[in-house]
Each structure stands twice: as structure tokens, then as C-alpha cells.
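> Here's a sequence, model it:
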Amino acid sequence: MSITVNNLSKIYGAQKAVNNISFTINKGEIVGFLGPNGAGKSTTMKMITGYLKADGGNAVVCGITVEENSNETKKKIGYLPEANPLYYDMFVREYLEFVSNVHEVSNKKEKIEEVITTVGLSVEANKKIGQLSKGYKQRVGLAAALIHNPDVLILDEPTSGLDPNQIVEIREVIKELGKNKTVLFSSHIMQEVEAICDRVIIINKGNIVADEQLSTLQKNKTNNHAVLVQFKEAVSKEALKNLKEVSEVEQLATGNWKLNTNDPETVRKQLMELSLQNNWNIVSLQSESSSLEEVFRNLTSK
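As a prediction, the model looks like this:
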């Protein structure tokens, strides 16, 4: 396991910011870490990286217990914090050289140019960091997290401040990095998580309320399902409304229908039987899962 979290807790006075949580992440996984503001995401990330001491439990990175040897775990981790602290008076390459010296990178000039290209900083690389837009400052922070070629990436809101085109570019960078590294990242952009992740961990009020594959999560954690069906022939709405487990029927276009249900599999079977009985031709038939945003709101609004 690249990351193992065992009964991790953090308490501020009477408030349990993180309440005895556990999870593991394997190499090659890109895991989205989601939760409302104040849910404990950033606090958890800071404890995994060793920047914040846990009050209970422990985190293990690449087989090394963080509390016992935080310096060694920091060598294994590339961390982009939400605040993204940078030295604004430094030039981009100057700052990356400074960070590479901290990590004792041997081939630093080559590595600096490599990460500048990787995160798309080339056109702004000759400027001082303070002259950059927020989006490019974020890229500098990501480049600094990558400079020592870490095994694990912890990214707290990595696309904050980026425009839509930049978000797509950084999304592709993260997906590519995830082929050889472990990536744990938080985001409030649900479409981004759906595009990058296969697995999602959702935390709410310091407790993990979901830790599943994205497809399973969307299927099982909400009752808002639908079946989309297209018939070649004209079909009456009443015939579809009479199917068991169908709560609502909506005509999308001629021959196209949306059937809301808690049991899409049963409805699909009934549609097949109905078409055979009436000699109707089904052009297409598919289930529609709820969006991650719907699942997130369902799990965190309680």
C-alpha cells in the first residue's frame, strides 16, 4: 500500500475535526477526496504529509510511519497545499531550483525543465512568480510538488483558480502521473473528479461516509436512478407508467422516454417483455446513474 491511514484523529478543543478514520490507497490509484468545507479534508492531508501531528492513530506512506519518521515520508510525497505558499519575488526557475536543493535533486537543471514542460509553464517560465496569474501560480506549486519525482502526490484543490482550458490540461497531467504514482486529491469540482477518478472517498464532519469505486457509489448511494429507452414505434405514456417500480415517466423526444425508478434492472426487464408482447422495436435501452454531485449532496446534507 502506498498510503495507509489507521484510525486517524485530530481534535481541536471540543471539536473532532477528523474522527478515527481509516483507508488505504494503492500505487497507480487516483482517488478523489471529497467533502464540504470544514469536513476534515485538508486536516487529513496535512496529517498524512506530516505537516500536522495526529492526536490519534497513524498514517503510513510507502511503508514508513509518518509520526516516526516524517522527514523520510516527505521525501516520498509531493504536496500541493490548498494555500500554495510561494516566494513571489523569485523567478519561476529560481524558485524551482530552491525547492530542488531542499530535496537534494541531483540532475536539477534537467528536472526543472522537465516539470516546467509537464505542467505547462514554459510560456511564463521567465517571469517572477508574483507577476503570474493565479492559474500559473498554481502550476508553479504543482511543479514544485513534482520536482523530486515523488511516489505519492497529495494535491489539495490542484485546479483552484484555473480557467476551463487549464483545468483540462492539468486534469490530463494528473491522469498521466497516476499511471506510475499514487494520487490523492481534493476538489469541489465534481465533473473533474468524475473525469479523473475511479474511486472516491467522501468525508463529512470528520467521518468517512463513503469509500467506493465511483460507478458503485453512483449506483448504490442514491435512489435517483432512471432508465432511458427509445422505441421505433409510437408508445403510449400510460403503458410505461403502469410498469412496476416506475415512479415517473418523461417523454424526451418522439419515441424517447425517461423512466425514473429505484430499480432500473427490473424496469429494463419489463421493457423487454413489453416490447415482445406488443411487437415494439427497442432502438436503445440504458440505465442512467445519478451524477456524483447528487450522490455528494445526498451523503453530506444529512
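> who's the residue nearest in space to the middle of the chain bridged to?
By CA atoms, centre = their mean, the chain has its centre lying nearest to Gly32, at 2.4 Å. Bridge pairing for Gly32 (DSSP bridges) gives the partners Phe185, Val200.
> Ok, Phe91 next?
Lys128.
> residues in contact with it?
126-129 (CB atoms under 8 Å, 6 or more residues apart in numbering). For every residue, glycine as well, the C-beta is placed using N, CA and C.
> Could you single out the nearest of these to Ala54?
For those, the minimum distance to Ala54 (CB to CB) is 32.1 Å, reached by Ile129.
> In this structure Asn149 contacts Glu110, no?
No: counting by CB atoms under 8 Å, Glu110 is not a contact partner of Asn149; they are 11.5 Å apart.
> Can you tell me the element Val227 falls in?
For Val227, the enclosing helix or strand under DSSP states H and E is strand 225-231.
> Which residues outside that strand are in contact with it?
Contacts for strand 225-231 (CB under 8 Å, 6+ apart): 219, 252, 255-264, 267-268, 271, 275, 280-290.
> out of these, which are buried?
Among the contacts of strand 225-231, those buried by neighbour count (16 or more other CB atoms under 10 Å) are 219, 255, 257, 259-261, 264, 267-268, 271, 275, 280, 282, 289-290.
> quick one: which of these sit in helices?
Per DSSP state H, helices hold the following members of these: 219, 264, 267-268, 271, 275.
> With pLDDT and distance to Gly38 added, can I get those in JSON lines?
Converted to JSON lines, these look like this (pLDDT from 0 to 100; distance: CB to CB, whole Å):
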{"residue": "Lys219", "pLDDT": "66", "distance to Gly38": "28"}
{"residue": "Pro264", "pLDDT": "82", "distance to Gly38": "35"}
{"residue": "Val267", "pLDDT": "89", "distance to Gly38": "39"}
{"residue": "Arg268", "pLDDT": "89", "distance to Gly38": "41"}
{"residue": "Leu271", "pLDDT": "92", "distance to Gly38": "45"}
{"residue": "Ser275", "pLDDT": "91", "distance to Gly38": "51"}
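> and the two most separated of those?
Between any two of these, the greatest separation by CB to CB is 24.4 Å, found for Lys219 and Ser275.
> hang on, the earlier thing: ranking by neighbours, what's the top pick from the contacts of Phe91?
Counting neighbours by other CB atoms under 10 Å, Ile129 leads those with 19 neighbours.
> Over to the residue lying closest to Tyr88 once chain neighbours are set aside. Which of the three states is it?
Excluding the flanking residues, the one nearest Tyr88 by CB to CB, 6 or more residues apart in numbering is Gly130, at 3.2 Å. Of the three states, Gly130 takes helix under DSSP: H, G, I helix; E, B strand; the rest coil.
> who's more crowded, Asn149 and Glu110?
Asn149 (13 against 9).
> Can you name the residues that contact the more buried one?
Contacts of Asn149 by CB under 8 Å, 6+ apart are Lys111.
> what's the spacing between the residue nearest to the centre of the chain and Ile25?
11 Å (CB to CB, to the nearest Å).
> Repeat that for Val193.
15 Å.
> care to break the protein down by domain?
Following automatic domain parsing, one gets these domains for the chain: 3-219, 222-300.
> what about Val60, helix or strand, and which?
strand 56-61.
> quick one: average confidence on the helix or strand just after that strand?
The element immediately downstream of strand 56-61 (helix or strand, assigned by DSSP H and E) is strand 64-65. For strand 64-65, the per-residue pLDDT values average out at 94.
> how far out from the middle of the chain is strand 64-65?
Put simply, strand 64-65 sits 24 Å off its chain's centre (CA atoms, centre = their mean, to the nearest Å).
> Kindly spell out which helices and strands sit in contact with that strand.
Applying 3 or more CB pairs under 8 Å, 6 or more residues apart in numbering; DSSP states H and E, one finds that strand 64-65 contacts helix 70-76.
> Name the strands paired with the helix or strand following the helix it packs on and say parallel or antiparallel.
Next along the chain after helix 70-76, taking DSSP H and E as the criterion, comes strand 77-80. Applying DSSP bridges, strand 77-80 is found paired with strand 152-156 (parallel).
> other SSEs contacting the next helix or strand after the partner strand?
Next helix or strand after strand 152-156 toward the C-terminus (DSSP H and E): helix 164-177. Under the contact criterion of 3+ CB pairs under 8 Å, 6+ apart, helix 164-177 touches helix 134-146, strand 152-156, strand 182-186, helix 190-196.
> Using CSV, list the CA coordinates for helix 164-177.
C-alpha atoms of helix 164-177 as CSV (Å, rounded to 0.1, in the frame of the first residue of the first chain):
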residue,chain,number,x,y,z
PRO,A,164,-11.6,25.8,-18.1
ASN,A,165,-8.9,25.1,-20.7
GLN,A,166,-6.2,25.0,-17.9
ILE,A,167,-8.4,22.7,-15.8
VAL,A,168,-8.5,20.2,-18.7
GLU,A,169,-4.7,20.4,-19.2
ILE,A,170,-3.9,19.8,-15.5
ARG,A,171,-6.5,17.0,-15.4
GLU,A,172,-4.6,15.3,-18.2
VAL,A,173,-1.3,15.8,-16.3
ILE,A,174,-2.8,14.2,-13.1
LYS,A,175,-4.2,11.3,-15.1
GLU,A,176,-0.8,10.7,-16.7
LEU,A,177,1.0,10.9,-13.4
